[in-house]
Every structure is written in structure tokens, then in C-alpha cells.
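> With the sequence up front, the predicted model follows.
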Amino acid sequence: MARSEEGEDSQRGAAGPSTETPRVRKRPDPFLVVCKCFSVITSLAAILCIGVNVLSAVQSFKHGYDIFDGIFRCYAVAFAIFVVVVETEWGYIMKYWKVLEFWVGRGMLQIFVAVMTRAYPETASERRELITLLNIAGYLLLACGAVYVISGVLCIGFLKRARQRREVSAEQAIKDLQELERRREELQALLVVESA
């Protein structure tokens with residue numbers, strides 16, 4: 001009888017909790033990855049708009065083509081910088097500009113910047129490369145804005161926010177589980193010291 005109890009104790013010790021913390025491998029949500037990639041593409045399009053609008057403003061001021069065009073391009077640069085900042089989803093900006101949490105609002109802002117970039121079609125033959133860059137940047141950001149507006153109408157932004165909340169709560173649950181496991185190990189170590 002003593003032998004069977006001893007065998008059970010050794011089996012319980014072997015099958016007892018190990019000192020390794022459980023590793024939970026979480027795969028990223030493919031939908032959120034696609035949304036992040038689209039956000040990067042939109043940011044790059046806005047950065048391209050910044051670049052071509054700066055070039056156009058510099059040439060307008062430098063050669064004295066049109067001062068109003070240069071001022072207009074400066075405003076386009078400011079709004080394009082704002083588009084890039086909004087795409088980072090910085091909490092400070094989102095706190096005060098709630099309309100930009102919704103994809104329709106973001107899309108309208110991007111379309112506005114695209115139209116500003118595309119405005120004032122220039123016909124100077126020596127600036128043909130700049131006009132081509134302005135067209136590319138404007139239409140690229142216009143396409144991103146249109147996708148945002150259509151996705152916003154289809155409530156894709158709401159779905160994204162819901163999945164982000166779920167992902168954050170899952171990450172918090174994993175952290176809590178790891179903290180509980182660490183605390184359990186500490187208590188087991190204290191129990192072993194007390195029993196010894």
C-alpha cells in the first residue's frame with residue numbers, strides 16, 4: 001500500500017505544473033494586416049503629394065510664375081502632412097478629430113488633398129515632368145480616398161475597430177495569464193521553502 005501511494009506521489013510530481021511559462025503563439029489577423037498595408041500605401045501616396053507640391057511651390061515662388069499657385073501648394077502640403085499623421089492613427093489627433101476615425105471622413109480628406117494637388121493645371125512645356133508627377137500623386141491619393149469612402153459606406157472601418165479591440169483584449173489576456181503563471185511559480189517556490 002505504501003508503495004502505491006509513493007508511486008502516485010511520484011506520478012503527481014511528474015505530471016504537476018512545469019516551471020516553463022506557456023507560450024501562446026498568436027497569428028496576426030489577416031484583415032488588420034491588409035488594413036495596415038493599405039494605410040501604408042495611403043501614407044506613401046500622401047508623401048508623394050507632399051513632395052510634388054513642395055517642388056511646384058518652390059518653382060512657383062522661384063520663377064515668379066504665380067504666387068497664388070505657390071500659396072495654394074503650401075496649403076496642399078499642410079493638408080497632405082495631416083493625411084500622413086491621420087494614417088498613423090495617433091491618439092492625440094484622433095481625440096480631437098473624431099470624424100477622422102470614420103473611413104468616410106478620412107476618404108473625404110484624402111480626396112480634398114488629391115484635388116488640391118491636381119488643381120491649377122499648368123501648361124508650361126518646361127514643367128511637363130512636374131505636371132506628370134502632380135497627376136500621378138493626385139490620382140493615386142484620389143484612388144485611396146475613394147477606397148476609404150466606399151469602405152466606410154460598407155462599414156469596414158467599424159469592423160476594423162472591433163477587430164482591433166478584440167486583438168488588444170486578447171493581448172491583455174495573454175499578459176495577464178503570463179503574470180498569473182509567474183506569480184504561481186513564486187508562490188510554489190515559497191511553499192517549497194516553507195515545507196523544507
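Looks like it arrived, so ask away. Numbers count the residues shown, from 1 in each chain.

> where exactly do the strands run in this protein?
With DSSP state E, there are no strands along the chain.

> can you pull the buried residues of the lengthiest helix in the chain?
Longest helix in the chain, counting residues (DSSP state H): helix 156-195. Buried residues in helix 156-195, counted by 16 or more other Cβ atoms under 10 Å: I156, G157, K160. Backbone N, C-alpha and C define where each C-beta goes, glycine included.

> Same list (those residues) but as JSON lines, adding distance to Y96 and pLDDT.
Below are the buried residues of helix 156-195 laid out as JSON lines (distance: Cβ to Cβ, whole Å; pLDDT from 0 to 100):
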{"residue": "I156", "distance to Y96": "24", "pLDDT": "87"}
{"residue": "G157", "distance to Y96": "18", "pLDDT": "83"}
{"residue": "K160", "distance to Y96": "21", "pLDDT": "87"}
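
> what about L142, how many neighbours?
20 (other Cβ atoms under 10 Å).

> Check it and give its pLDDT.
Looking at L142, its pLDDT stands at 95.

> surely it meets F112?
No - with contact defined as Cβ atoms under 8 Å, L142 does not reach F112; the gap is 10.0 Å.

> for the residue lying closest to V54 once chain neighbours are set aside, what are its contacts?
Leaving aside its chain neighbours, V54 sits nearest to V77 (5.8 Å; criterion: Cβ to Cβ, 6 or more residues apart in numbering). Contacts for V77 (Cβ atoms under 8 Å, 6 or more residues apart in numbering) come out as I50, N53, V54, A57.

> Looking at those residues, spot the one nearest A119.
Comparing the contacts of V77 against A119 with Cβ to Cβ places N53 closest, at 10.3 Å.

> Give me the neighbour count for the residue nearest to E101 when sequence neighbours are not counted.
Take E101 and drop its neighbours on the chain: the residue closest to it by Cβ to Cβ, 6+ apart is M94, 5.6 Å away. Using other Cβ under 10 Å, M94 has 14 other residues around it.
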